[in-house]
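Undergrad: output the structure for:
(one chain, ligands or ions: 1)
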Amino acid sequence: MIPRMNLINRSVVTFFALFILSACSSDSGPDELPSNPVSGAQENPEPNNPGTTTDPSVDSMPDSMMPVDGGDNAPGGPVAALVLSPLPSPSITEDPSANDEPIPQASELNTITSFQVVRDPAPRIPFKTQAAEFSEEDFARGLPEAVVTVPPGLDTTSNAPPFFEGLENVRVSAGDIVEIRYIPRDPEGELPGMFAQELPEGATFDDNFDGTRTLLWQTFQADVGITAFTVVAIDPVDSLYRSSQTLLIAVDENPTSVEPNIAPTIEPVTSYTVRVGDPAVVLLDGFDRNGTTPTIELLNPPATATLTPDERDPDLQWLQVIPDEVGTVTIDVLTRDEIDPELTGLDQITFFVRPASDFERSGARLKDAAAGSGLLFGSAVSPVFYLQGDGGVYESVASTEFGIMTPESSMKWDAINPVPGEFTFADMDNLMQFAALHSMSVRGHPLVWHRSLPSWVEATAVNDREVHMREFITRVMNRYGEGIDYWDVINEPLNDSDGNMRQSIWYEAMGESYIDIAFAQAKELDPTATLVLNEFDIGFAGPKFDGLLQLIDRLQARSVPLDAIGFQMHVFSSYDQFDELGANMAAVVERGLDVHITELDVAIADGGNASQQAAVYAGVVNTCQAQPRCNVLQTWGFTDRYSFRTFLDPLYLNRSYQVKDSYGAMQEALGNN
Ligand code: G3I
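TA: Here you go, the predicted structure:
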């Protein structure tokens, strides 16, 4: 039994915050609620004249870039297509080996009944919260810069973002209580709102009823290390105008501290809406503030409930239940303290079990409605959906509504190759099995992007980056190429809101020619696939789309094998620039390219509603259908429950997989053309 802490030892560490305001990261991307331009206003100087090589790095192409015959460099004539020099052998990072091959997973650990799910052999545990690792160097660099997100149409020249007064990173010893007061301020003088994104275990964020809040956190040995705590300030004028401020708390070892023995629990578990008869699984991850590992037991479980240790980490238990009748199933989970078995925790998991008929939708399936006019319709598919409690319903919708799927995150570099020489293919392998089983096309997404890169990739030497990029492209296309018809070869090469090139690590190493090289590599590996350049915030007139057209012209002048442009279309229910979208599509088609809508979702903007959202879905479908070379239309998910913009209800099934106005509006628009 750990004796109760001697209160005299309590040292309360109190800080008043000093805030440093900063511009938002250029890499925020549409995760941070994409911004629409201030309509009609050019926020950036016009990019250089089209057709001229404005990117100095293009003049200094690396050897692998030089055209085979020196090229026809006569002004105006396209240069010969690029032929890449062979990749070095052996490769500069270890290739996948038999040790990386996924292996069958016990069926009790997933919701799939239609194919054999595989898992990675290495100890990569899905769902274990892998909070972003912060180092002592990060701590020493001081308070992280705030990330400011600007909603569509807001004039920031007359409204500076909110901020917190007096914040700074905090260092304590295990056993101390951290106390930090958050004082939100707004340059225009009003009082901002605020909310905490994720509290440290056991912490509270109390309202002081004077516009401020205080974080109180009793630390333990289990908290030794660096914890990031983020609070978001909300502009008093526009609630979508926000400043997200992270603060680092370093908890040092303290061998002399004595701590109370806290009852164990399981990591937070949500409830699920499930279909009667579908297997449902939930990961049970025992947690104890004292850093020990509790045991887990089910109290009076349903007859179909099983508890199976994870195959790589036996401390994790998978609950599987196959609800056989409609109603609410609540399962009591008892956790028992490792040191004092009499000290227990009790948690509940709830399944709302509904008849299969509740998940039947009238009218044509969306892929069938679209097929009538030759349009390929689909969606992104969530990673490890088959490890979620409602994986059965999720699969039933995706397998019937979509003719093409994009892995939302399963093919990204940090998902596939998190450590040099270590490959985690299982999730993508499972999604490929799923697509093949249901005769779905697949969009490989993305091959080259500036985000979701493992830290080891971001740390590569500039001179090695071309080879690293080409090796990743080669490994992914060699493994999945057979089943993939479309590749997002380059994702988001332009700055968030202007037409200039994004200063990514790829651009830093190769200039604009990283695009040429990536497309040449993809073409070499799969000459028959459709190769796509994918971008967001190009569905309306403005400097970003102008810059895209100039980029296309430069690439085509260099004979880059580009086949289509992906319009992501992460928009708001206030979007109404359908004419501009149509004109932008036409400008792309004039260059001999196809157009795809690749990531459509429609967030409910301030004051917006479901019928406005439905009108936008229908408007985008109609605009695509009106363009003969708009031949693929995909949404970015389909249930609000699993959207990266979930708080803005951007999709067309709700969290219980029931249709919203947008579903019917899309179904009608797809079928009408
Ligand atoms: O897989 C890990 C999991 O093991 C871990 O426990 C968990 C918590 O740390 O993180 C999980 O990874 C998350 C991943 O989604 C899979 O769920 C990443 O943290 C998270 O950053 C990632 O977010 C995705 C984001 O791209 C970045 O890759 C979003 O879900 C996804 O919707 C978004 O999609 C992008 C498109 O690829 C490109 N266009 C813009 C679009 C929106 O940003």
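
Undergrad: rest of the way, CA atoms for contacts and neighbours
TA: Will do.

Undergrad: how close does the nearest residue to Lys544 once chain neighbours are set aside get to Ala520?
TA: Nearest residue to Lys544 in three dimensions, chain neighbours excluded: Gly499, at 3.9 Å (Cα to Cα, 6 or more residues apart in numbering). Applying Cα to Cα, to the nearest Å, the value for Gly499 to Ala520 is 23 Å.

Undergrad: cool, and Phe115?
TA: From Phe115 across to Ala520, the span is 35 Å (Cα to Cα).

Undergrad: just the pLDDT for Tyr486.
TA: Note on Tyr486: pLDDT of 98.

Undergrad: what distance do you get for it to the ligand?
TA: Distance of Tyr486 to the ligand, computed by Cα to the nearest ligand atom, to the nearest Å: 15 Å.

Undergrad: show me the contacts for that residue.
TA: 442-444, 529-532 (Cα atoms under 8 Å, 6 or more residues apart in numbering).

Undergrad: so who does the residue nearest to Lys544 touch?
TA: Going by Cα under 8 Å, 6+ apart, Gly499 touches 47, 543-548.

Undergrad: closest to Arg213 among those residues?
TA: Lys544 (39.9 Å; Cα to Cα).

Undergrad: ok, that closest one touching Ser497?
TA: Yes - using Cα atoms under 8 Å, Lys544 is in contact with Ser497, at 5.8 Å.

Undergrad: can you list the residues of the stretch 501-650 of the chain near the ligand?
TA: Neighbours of the ligand within the stretch 501-650 of the chain, by Cα under 6 Å from any ligand atom: Phe644.

Undergrad: which stretches of the stretch 501-650 of the chain form strands?
TA: For the stretch 501-650 of the chain, the strands defined by DSSP state E, counting those that start in this stretch cover 530-535, 564-567, 570-572, 594-603, 630-635.

Undergrad: what pairs with the fourth one, and is each one parallel or antiparallel?
TA: So that's strand 594-603. Sheet partners assigned to strand 594-603 using DSSP bridges are listed as strand 564-567 (parallel), strand 570-572 (parallel), strand 630-635 (parallel).

Undergrad: which residues touch the first one?
TA: In this case it means strand 564-567. Residues contacting strand 564-567 (Cα under 8 Å, 6+ apart): 488, 530-539, 588, 593-599.

Undergrad: what are the ranges of the helices in the stretch 101-250 of the chain?
TA: 136-140 (DSSP state H, counting those that start in this stretch).

Undergrad: low-scoring stretches of it, by residue?
TA: Along the stretch 101-250 of the chain, segments meeting pLDDT under 70 span 122-132.

Undergrad: give me that answer again for 90
TA: 121-135, 149-158, 174-175, 188-190, 195, 197-199, 201-202, 209, 220-224, 237-242 (pLDDT under 90).

Undergrad: now do the strands in it.
TA: So, for the stretch 101-250 of the chain - with DSSP E, counting those that start in this stretch - the strands run 103-104, 118-119, 147-149, 163-164, 170-173, 177-182, 184-185, 193-196, 204-207, 213-218, 225-234, 242-252.

Undergrad: got the angle for the longest one vs strand 177-182?
TA: Meaning strand 242-252. Relative orientation of strand 242-252 versus strand 177-182 (axes from the mean of the first three to the mean of the last three Cα atoms, to 10 degrees): 160 degrees.

Undergrad: what separates strand 242-252 from the chain centre, distance-wise?
TA: Put simply, strand 242-252 sits 21 Å off its chain's centre (Cα atoms, centre = their mean, to the nearest Å).

Undergrad: any residues touching the next helix or strand after it, and which ones?
TA: Heading C-terminal from strand 242-252, the first helix or strand you meet, by DSSP states H and E, is strand 265-266. Applying Cα under 8 Å, 6+ apart, the contact partners of strand 265-266 are 284-288, 294, 334-335, 344-347.

Undergrad: mind putting these in TSV, neighbour count and pLDDT included?
TA: Below are the contacts of strand 265-266 laid out as TSV (neighbours: other Cα atoms under 10 Å; pLDDT from 0 to 100):
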residue	neighbour count	pLDDT
Leu284	23	95
Asp285	22	93
Gly286	23	92
Phe287	22	88
Asp288	22	88
Pro294	26	94
Leu334	20	97
Thr335	26	97
Thr344	18	97
Gly345	20	97
Leu346	17	96
Asp347	15	96
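
Undergrad: let me know the closest of those to the ligand.
TA: When the contacts of strand 265-266 are compared for distance to the ligand (Cα to the nearest ligand atom), Asp285 comes out closest, at 12.2 Å.

Undergrad: after the helix or strand hosting the closest one, heading C-terminal, what element do we hit next?
TA: Asp285 is located in strand 280-287, with elements delineated by DSSP H and E. Following strand 280-287 in sequence order, the next helix or strand is strand 295-299 (DSSP H and E).

Undergrad: and Gly511, what's its pLDDT?
TA: We have a pLDDT of 97 for Gly511.

Undergrad: which strand or helix spans Ile331?
TA: Short version, using DSSP H and E: Ile331 is in strand 327-336.

Undergrad: now the angle from that strand to strand 280-287?
TA: 20 degrees.

Undergrad: now do strand 327-336: which elements does it pack against?
TA: In terms of contacts (3 or more Cα pairs under 8 Å, 6 or more residues apart in numbering; DSSP states H and E), strand 327-336 is packed against strand 265-266, strand 295-299, strand 344-354.

Undergrad: let's see 10 Å
TA: strand 265-266, strand 280-287, strand 295-299, strand 316-321, strand 344-354 (3 or more Cα pairs under 10 Å, 6 or more residues apart in numbering; DSSP states H and E).

Undergrad: mind putting the ones you listed into CSV with distance to the ligand?
TA: Converted to CSV, the helices and strands packed on strand 327-336 look like this (distance: least, Cα to the nearest ligand atom, whole Å):
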stretch, distance to the ligand
strand 265-266, 15
strand 280-287, 12
strand 295-299, 21
strand 316-321, 14
strand 344-354, 20
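
Undergrad: make a markdown table out of those and add distance to Asp606.
TA: Below are the helices and strands packed on strand 327-336 laid out as a markdown table (distance: least, Cα to Cα, whole Å):
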| stretch | distance to Asp606 |
| --- | --- |
| strand 265-266 | 36 |
| strand 280-287 | 35 |
| strand 295-299 | 44 |
| strand 316-321 | 40 |
| strand 344-354 | 31 |
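
Undergrad: out of these, which comes closest to Met428?
TA: Judging the helices and strands packed on strand 327-336 by Cα to Cα, what sits closest to Met428 is strand 280-287, at 19.5 Å.

Undergrad: run the chain-centre distance for the closest one.
TA: Worked out by Cα atoms, centre = their mean, strand 280-287 lies 22 Å from the chain centre.

Undergrad: can you show me the strands along the stretch 301-450 of the chain?
TA: When assigned using DSSP E, counting those that start in this stretch, the strands of the stretch 301-450 of the chain occupy the ranges 306-309, 316-321, 327-336, 344-354, 376-381, 404-407, 441-444.

Undergrad: just name the most buried of those strands.
TA: Mean neighbours per residue, mean count of other Cα atoms under 10 Å, is largest over these for strand 404-407, with a mean of 27.

Undergrad: hmm, Gly378 is touching Val397, no?
TA: No - Gly378 is not in contact with Val397 according to Cα atoms under 10 Å; the separation is 11.1 Å.

Undergrad: who touches both of the two?
TA: Phe638 (Cα atoms under 10 Å, 6 or more residues apart in numbering).

Undergrad: in the stretch 501-650 of the chain, which spans are helices?
TA: Using DSSP H, counting those that start in this stretch, helices in the stretch 501-650 of the chain cover 505-510, 513-525, 543-557, 578-589, 610-625.

Undergrad: now these as TSV including distance to Ala426 and mean neighbour count?
TA: Listed next are the helices of the stretch 501-650 of the chain as TSV, based on distance: least, Cα to Cα, whole Å; neighbours: other Cα atoms under 10 Å:
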stretch	distance to Ala426	mean neighbour count
helix 505-510	27	20
helix 513-525	22	22
helix 543-557	35	21
helix 578-589	37	18
helix 610-625	33	22
